[in-house]
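*Asks:* return a 3D structure for these sequence lines:
(chains A and B)
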Amino acid sequence: MRILFVVQRYGALVPGGAELAAREFATRLAARGHATEVLTSCAVSYVDWANAYPPGTEELDGVLVHRLPVSEPRSDRIFGPMHARVPFGRHRVPPFMQRDWMRVQGPNMPGLAPWLREHATSFDRIVFFTYLYYTASAGLPAAAGLVPTVLHPTAHDEPPLYLSLFDITYRLPKALAFLTEEEAELVANRFHVRLPSTVTGLGVELDVAASADQTAAFRAGLPGLGARPYLVYVGRVDPGKGSVELFDFFSAYKRRNPSDLALVVVGDPVEPMPPHPDIFITGFVPEAMKRAAMVGSLALVQPSYFESFSLVLVEAWALAKPALVQGRCHVLDGHARRSGGGIPYRGFAEFEAALDLVRSDPGFAGAMGRAGRRYVERRYDWDRIIARYEVFLERIGAPAPAVRLSSR
Amino acid sequence: MESDETPVVSDVLERLRARVEERRASGAYPAGLEHDLDVHFRHIVEHRPVRNLDALHKAMATFEDGLRFDVAMIPTGSRVPGGQVLHQAAAKLVTRQTDWIVQQLREFAESVRVILWTMIATLDDPTHVHAELTAQIDAILDRLAYYERSPADAPMLGSIVRRLEELEAAEARRQLRPWYRPEPLADELRGSREEVLSAYRPLAERFAGCAPVADLGSGRGELLELLGGLGVEASGVDVDAEQAKAAAGRGLKVDHDDAVRWLAATAPESLGGIALLAVAESLSAQELLDVVALAAEKLRPGGTMVVTPGPGDRDPSYQRPVHPAYLTFLFREAGFADVAVEDGTVIATR
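*Replies:* This is a model prediction of the structure:
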């Protein structure tokens, strides 16, 4: 099959869950013999979408990547107030204002729709990643009808999801692909769409571990941690990720339950955090060090309210670590209930009780970790995911006839 | 717990929540602790759509407070001496009636209260009131999306377009697109320029006094040259762009256009003569009919049209023979006053 992926950013320098997912799918399909290409922007950062990569075509891990320039970087001076008013405002705003918000949010790529109209019919399937950005909002109307299209929304329960602008975005593709059952349910409840769909999930490496030396080296790198037991949080330190709530919960827990328990934060803070004697922040660390941090922990804490999958949680389970997860996030709650690998807490009292249980009953904590591992083996092995995905792409229909109305 | 037994999270949560309730009951959580620690969640999720029925609930609370119907609330005081005693006595006399009226009011108010709460409960249910409207909006959105991606879902349209393209390709194959220059062929078929000038001179003289004259398919422009020499105003039209350009380059008034279209755009009765020299056999049957009908319309009374035969099937643009008898029939049917045939040339007078 000739498959085109359309995503807002793409490349080795690009972090981000949805972008990483798009890259994994594209690279792995290419490795299985599909002619896989990507249409994306020249941007690396979603904060301003500044052109960082040169425009044009390059090959990356067997995938042909076409980069189009972003016409203008995003200006916070304009976007900030607009963002506060449109998705976060107290009142509904008219469609034209929503379209302006989308254009300013970006990445604004004037060449995207013409490129798709010209080249769409040369592909068997076109796959869009992330509903939120211009790439899907402008790209889907251009490609829909010319070739079967798939949208991976990577949606979570956030304010923009409720904009009427997206009512049509979710109806244009031929099919939808979700990361979890909860994401599928969220989209069904919000949009009432009746399209073919699948739950793909994301794969993780199962043959990974960390040696005793690595875990020791990790501890040694954090002066003051020593041999203390610790909870680990992995990800951006950002209020939207629930990390500030975790700091407050952990601080309150330590005040009420004095012990040598520590919290290790593996990730970069978006804003500086006040120092705390029991909280250790590593900043960005290499992948092996991240795994060592997880292996050496008592449990992973995933406090995010907004997740469409949570790769970190699945990675921790791949390492057979138990987890405490935000019960107010349906995706995390669903993962925990299906796997038996984590406790979904709601509010401080439940967090405290769950942490007490994990600390006081290592046998139970170990059983949760092993259950998590079995869950990941069952559902998130890349080979199985891609094999199922190929069947899904085949199933959503033969390519449409090449329709070109003659100019004569 | 067995090592491979998967924990049942709902059971674990049930036990945890029971433990939390015990702690709450024992006062383990200081007042405000849980609420204060929930501040981030409240801030994050305040975008989620909620129905603001606060004002209605407040109004209902006021309504509930006012639902007190009691005989004792009827004032009996008076500013007139002895008035209060009188009121109390009167109230006692009608006690049975006032009790009955108050009872009816209570029952009525209760009925109203039940109805109002039912209405509020209905409004509180987000799916109940607007279910039908929501379904209609969804149906419209579905249909809109269907149209947006309709080509993929309309194989018939794709098949029609493919057929159209095949027909266009076939038509393009039928069109004559010579790769040679037209002048040598004209020399070959019709003779040299001098020979043609000599052959056309008698025809040109026929148009004396017929200005303006239109030469349909003027080619190299020999007739126009001759007419110019005779002082007869004349213009030509040719479908071959290069021929038209070359003739114009020699100072002749020639348009590049289709002869039928050009003639149709000419004002009625504005021409004195029309020449169709060695062209009629290259027209389709319908084009020939159109030219004759248009000539009848565009020639003024007394105007002349001359049609000569072409080189026949030696000409690659040749389509069919046109017999002078058929042309005669056409001119007569079109209303020309006189039609004559001289050595294969048809001369029709309007």
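*Asks:* who's in contact with the closest residue to chain A within the stretch 201-350 of chain B?
*Replies:* Scanning the stretch 201-350 of chain B for the residue nearest chain A gives B:Asp258, at 16.2 Å (criterion: C-beta to the nearest C-beta). Placement of C-beta: from N, CA and C, glycine included. Neighbour list for B:Asp258: B:Val239 [criterion: C-beta atoms under 8 Å, 6 or more residues apart in numbering or on different chains].
*Asks:* dihedrals phi and psi, it?
*Replies:* Reported as degrees, to the nearest 10, the phi and psi values for B:Asp258 are phi -80, psi 130.
*Asks:* got it, and A:Met109?
*Replies:* Given degrees, to the nearest 10, the pair of backbone angles that A:Met109 has is phi -120, psi 90.
*Asks:* among the helices and strands of chain B, which has the poorest mean pLDDT?
*Replies:* helix B:150-153 (a mean of 56; mean pLDDT, DSSP states H and E).
*Asks:* what helix or strand is B:Gln97 located in?
*Replies:* Secondary structure assignment for B:Gln97, by DSSP states H and E: helix B:95-124.
*Asks:* I'd like the distance from that helix to the chain centre, please.
*Replies:* 59 Å (C-alpha atoms, centre = their mean, to the nearest Å).
*Asks:* swap in stretch A:81-95?
*Replies:* Offset of stretch A:81-95 from its chain centre (C-alpha atoms, centre = their mean): 24 Å.
*Asks:* one more: stretch B:312-327?
*Replies:* Distance of stretch B:312-327 from its chain centroid, counting by C-alpha atoms, centre = their mean, is 45 Å.
*Asks:* with stretch A:345-352 instead?
*Replies:* On C-alpha atoms, centre = their mean, the centre of stretch A:345-352 falls 25 Å from that of its chain.
*Asks:* what do you get for stretch B:339-350?
*Replies:* Distance, centroid of stretch B:339-350 to centroid of chain: 52 Å (C-alpha atoms, centre = their mean).
*Asks:* and the end-to-end length of it?
*Replies:* For stretch B:339-350, the separation between the terminal residues is 9 Å (C-alpha to C-alpha, to the nearest Å).
*Asks:* contacts made by that stretch with the rest, please.
*Replies:* Contacts with stretch B:339-350, where a contact means C-beta under 8 Å, 6+ apart, come from B:203, B:206, B:295-296, B:299-309, B:324, B:327-328, B:331-332, B:335-338.
*Asks:* got a pLDDT number for A:Ser308?
*Replies:* We have a pLDDT of 85 for A:Ser308.
*Asks:* now do the contacts for residue 279.
*Replies:* Looking at chain A here, since you left the chain open. A:247, A:250, A:262-265, A:273.
*Asks:* please go with chain B instead
*Replies:* B:216-217, B:259, B:310.
*Asks:* can you name the two of those that are farthest apart?
*Replies:* The most widely separated members of those are B:Ala259 and B:Gly310, with 14.1 Å between them, by C-beta to C-beta.
*Asks:* which one of these two has more residues nearby?
*Replies:* Just comparing B:Ala259 and B:Gly310: by other C-beta atoms under 10 Å in any protein chain shown the higher neighbour count belongs to B:Ala259, 25 against 21.
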